[in-house]
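Trainee: please find the sequence and the predicted model below.
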Amino acid sequence: MHKALQLEPEKCTGCLQCEMACSYENEAVFNPSKSRIKVFTFHDEGRFAPYTCSQCSEAWCLHACPVEAIVINQLTGAKEVIEEVCVGCKVCTIACPFGTVNYNSDSGKVIKCDLCGGDPACATACPTGAITYVDADHTGLARMKAHASQSLPKA
Amino acid sequence: MGWTQKVLRVNLTTGSVATEPLNMDWALKYIGQRGLATKYLFEEIDPKIDALSPANKLIMATGPLTGTMAATGGRYSVITKSPLTGAIACSNSGGFIGNEIKNAGFDMLIFEGKAPKPVYLYLENDKAELLPADHLWGKSVWEADRLLHNDHQDPLLRIACVGRAAEQGCLYAGVVNDLHRAAGRSGVGTVMASKNLKAVAVRGTKGVGNIRDPKQFMLATQTAKKVLAQNPVTGEGLPKMGTQVLMNVINEVGAMPTRNMREVQFEGANRISAEAMHVPRESDGKPNLTTNAACFACTIACGRISTIDPKHYTIVNKPQYMGANGGLEYEAAWALGSDTGVDDLDALTYANFICNEDGYDPISFGSTVAAAMELFEIGALTKEHTGGIEMRFGSAEALTKAAELVAKGEGFGRDLGLGSKRLCEKYGHPDLSMTVKGQEFPAYDPRGIQGMGLTYATSNRGACHLRSYTVSSEILGVPVKTDPLTTDGKPELVKAFQDATAAVDSTGLCVFTTFAWTLEDIAPQIDAACAGDWSPDKMLEAGERIWNLERQFNLKAGLTKADDTLPKRLLKEAAKTGPAKGKVSELHKMLPHYYEIRGWTPDGVPTTDTLHRLAI
């Protein structure tokens, strides 16, 4: 059974612990600019939203790659970039409808979320539960339950 | 190692920008941020200079844990000589710019001299240049921030900026970063503007590595985060209620300075409290509080994001104030509200927005308005002086009009921009100024919390709660409960808090963590990141060293024992209501013993032995 990152913006405070955890896991430094997950601040609305690759089943990035540098990890379902194969052509960054594949000018390759091999550092680091790693078939479970509670007859 | 070991030195007079190595001998003694920058300032300027002359320097300093995953590791401080107090100024801010400076590869930015024309510093990793700021001068912080993001076409740029208040010489202007976080106290923004430096815009993408023992660091920071999460104050109270959780608590213990500290309890407290910020309003069904928000790396998230009632008189036809923005923290709510007798939550929120928009300290501003209101009520100030404003206690209109005038340095706003001490002197009633060393009081009445009297009197930057927050112990019982109405043991308590806080302020961490953490929780995080074998005792000693160095700066600047006192009102006029009824601040019972345990002479001067013991 695959798991997926569940993002709940309403719980996010914008602290960027996830960005640091991601960059530390992947680059061994604390560097939000090298994070595969990003938190966006919608200042005038007072809202924060973490966002990263949703690991599409029919991944546009994977199909667009001319050198087959993006492959599926059968264990986690993540679409992973094989750095040695990637030529840094950036076609995948154009193909991705969500902008979650990005070019890293330091390495000359693209970077994207790989679910940390099944133990995503961002989810571990998030202090508010805005990012969790749950059953991929039921990322809507908590929300469904919240709405289900509204369908209960008034006690 | 925690530190990047690099300093950017910017000479505004000549326009030169140069990188130099961090003095590591000093870093190992003064940690970083507040302590280390104080050492630099102490060695580089004559404390006697005019704070607004080019001879003053302004230092923006991060700590060794700034930019790391340590909870709250995003702080930076602005250190300079204060134009408000003539003493050393060190104002601490969160938000995101501290991390950005660190990610650009620097521990500190030192600004010296004065630019011939308005400039801003643009820093992108190793690229640092001074650029013309003529188009930004005369603009608010918010407008300058928007223009800079636009100029550089970079939404990820982090900006620290001064507003029009600083440009106009308001003596308590701050440096605002990320739109509504601020190095707010003591007029550090006034110094920045006096140098014709409008803003610092930073983009750092280098990463913060260089951790002494990465594995140990991740373990230590994770352990410490659990302590924050499980503590009722940092895990629940602060995220839900913000610092405003204190409003009703402090009012009940009779330590809520009210109407320029004439009284110690405010009848309108529950209308401007954290609880009130959660109540949906009639007009749009939304509460004042939109959400809580975190500064960089903060797992507490006490920040308030608020909106003003769309029907409120302050924002009619002013769309720029209709969105969500930085909301009321306790000190601001107190100064703008209780101290002026105003209980209109939306008026306070509006005044707070204006303080952020044009960069000035809501504590000093609110207290100065309170002093003006008392001067007005006794007839020392008239409508001729105020430009027609009925400056009466409880008037929301007077408060919000005053905020607008100070923001632009117009009319009576120029008088209010002088601060309470100079205002009261100018209008013939110096005793009505509720200040120490020229800086306005924060929100704890020393008649009802005796330790805070000693805290204020001895604070190196003038009246301030953040130099030794003995409220923790005297009211909240952290780490141990002491009786707020007695002076017994308070000199020891104040000294312990002052030293520990000086250390925390030098790390890159937020002092609010100390509701849950002691140095026992902090030292392992520093030690894992930095060379120097940091134990809790060593940190405490560094804190004591920093405190004494700040004291040395002030003594050399010309301050004396006579400046370690409180306004007559707090020493003579007893509290009228509440648990502290009949009490005055008994400072005289605490001060001599405080000097003694500090290792200072009866005149408050560190002895040679003390300086030697601390290797100053």
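Mentor: Looks like it arrived, so ask away. Bear in mind the structure is a predicted one, so any value in this text is a computation, not a measurement. Numbering: from 1, shown residues only, chains lettered A, B, ... in the order given.
Trainee: for the closest residue to chain A within the stretch 101-250 of chain B, give me its contacts.
Mentor: Among the residues of the stretch 101-250 of chain B, B:Gly207 lies nearest to chain A; the distance is 3.2 Å by CB to the nearest CB. Where you see a C-beta, it was placed from the backbone N, CA and C, and this is true even at glycine. B:Gly207 makes contact with A:Ser23, A:Glu27, A:Val29, A:Phe30, A:Asn31, A:Ser33, A:Lys34, B:Asn103, according to CB atoms under 8 Å, 6 or more residues apart in numbering or on different chains.
Trainee: equivalent analysis for A:Pro120, please.
Mentor: When contacts are counted by CB under 8 Å, 6+ apart, A:Pro120 is found next to A:Leu5, A:Cys113, A:Ile131, A:Tyr133.
Trainee: repeat that for B:Ala71.
Mentor: A:Pro127, B:Thr221, B:Ala224, B:Lys225, B:Leu228, B:Ala297, B:Cys298, B:Thr299, B:Ile300, B:Leu509, B:Thr513.
Trainee: export those as CSV, with columns for pLDDT and secondary structure.
Mentor: Output for these, formatted as CSV (pLDDT from 0 to 100; DSSP: H, G, I helix; E, B strand; the rest coil):
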residue, pLDDT, secondary structure
A:Pro127, 98, coil
B:Thr221, 98, helix
B:Ala224, 98, helix
B:Lys225, 98, helix
B:Leu228, 98, helix
B:Ala297, 98, coil
B:Cys298, 98, coil
B:Thr299, 98, coil
B:Ile300, 98, coil
B:Leu509, 98, coil
B:Thr513, 98, helix
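Trainee: among these, which one has the most neighbours?
Mentor: Greatest neighbour count in the contacts of B:Ala71, by other CB atoms under 10 Å in any protein chain shown, goes to B:Ala297: 33 neighbours.
Trainee: give me the nearest residue to B:Ser194, chain neighbours excluded.
Mentor: Leaving aside its sequence neighbours, B:Ser194 sits nearest to B:Leu52 (CB to CB, 6 or more residues apart in numbering or on different chains; 4.3 Å).
Trainee: show the end-to-end separation of stretch B:125-145, please.
Mentor: Stretch B:125-145 has its terminal residues 20 Å apart, counting by CA to CA, to the nearest Å.
Trainee: list the buried residues of it.
Mentor: Of all the residues in stretch B:125-145, those buried under the rule 16 or more other CB atoms under 10 Å in any protein chain shown are B:Ala128, B:Leu130, B:Ala133, B:Leu136, B:Trp137, B:Lys139, B:Ser140, B:Val141, B:Trp142, B:Glu143, B:Ala144, B:Asp145.
Trainee: helix/strand/coil for A:Thr132?
Mentor: When classified by DSSP: H, G, I helix; E, B strand; the rest coil, A:Thr132 comes out as strand.
Trainee: what sits against it?
Mentor: Neighbouring residues of A:Thr132 by CB under 8 Å, 6+ apart: A:Leu5, A:Gln6, A:Glu8, A:Ala123, A:Cys126.
Trainee: kindly recompute the last result at 7 Å.
Mentor: Contacts for A:Thr132 (CB atoms under 7 Å, 6 or more residues apart in numbering or on different chains) come out as A:Gln6, A:Ala123.
Trainee: if we can go back for a sec, save the contacts of B:Ala71 as TSV, and put in distance to B:Ala380 too.
Mentor: Converted to TSV, the contacts of B:Ala71 look like this (distance: CB to CB, whole Å):
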residue	distance to B:Ala380
A:Pro127	51
B:Thr221	54
B:Ala224	52
B:Lys225	53
B:Leu228	48
B:Ala297	48
B:Cys298	44
B:Thr299	49
B:Ile300	44
B:Leu509	45
B:Thr513	44
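Trainee: burial measure for A:Gln150, as a count.
Mentor: Here the number of neighbours of A:Gln150 (other CB under 10 Å) works out to 6.
Trainee: distance check, B:Ser82 against chain A.
Mentor: The gap separating B:Ser82 from chain A is 31 Å, by CB to the nearest CB, to the nearest Å.
Trainee: ok, for that residue, nearest residue in space, not its chain neighbours?
Mentor: Excluding its sequence neighbours, the residue lying closest to B:Ser82 (CB to CB, 6+ apart) is B:Ala89, at 3.6 Å.
Trainee: quick check: chain neighbours aside, which residue is closest to the residue most central in space within chain A?
Mentor: Residue closest to the average C-alpha location in chain A (CA atoms, centre = their mean): A:Thr52, at 3.0 Å. Sequence neighbours aside, A:Ile37 is the residue nearest to A:Thr52 in space, at 3.9 Å (criterion: CB to CB, 6+ apart).
Trainee: before we move on, back to that, out of the contacts of B:Ala71, which is nearest to A:Asp106?
Mentor: B:Ala297 (22.5 Å; CB to CB).
Trainee: surely that closest one meets A:Gly14?
Mentor: No - counting by CB atoms under 7 Å, A:Gly14 is not a contact partner of B:Ala297; they are 10.7 Å apart.
Trainee: B:Val17: which of the contacts of B:Ala71 is nearest?
Mentor: Of all the contacts of B:Ala71, B:Val17 sits closest to B:Ala297, with 28.0 Å by CB to CB.
Trainee: so what's the closest one up against?
Mentor: Remark: with contacts taken as CB under 7 Å, 6+ apart, B:Ala297 is in contact with A:Cys15, A:Leu16, A:Gln17, A:Met20, B:Met69, B:Ala70, B:Ala71, B:Thr72, B:Gly73, B:Gly74.
Trainee: also A:Val67?
Mentor: Per CB under 7 Å, 6+ apart, neighbours of A:Val67: A:Val85, A:Val87.
Trainee: I appreciate the help and will end here.
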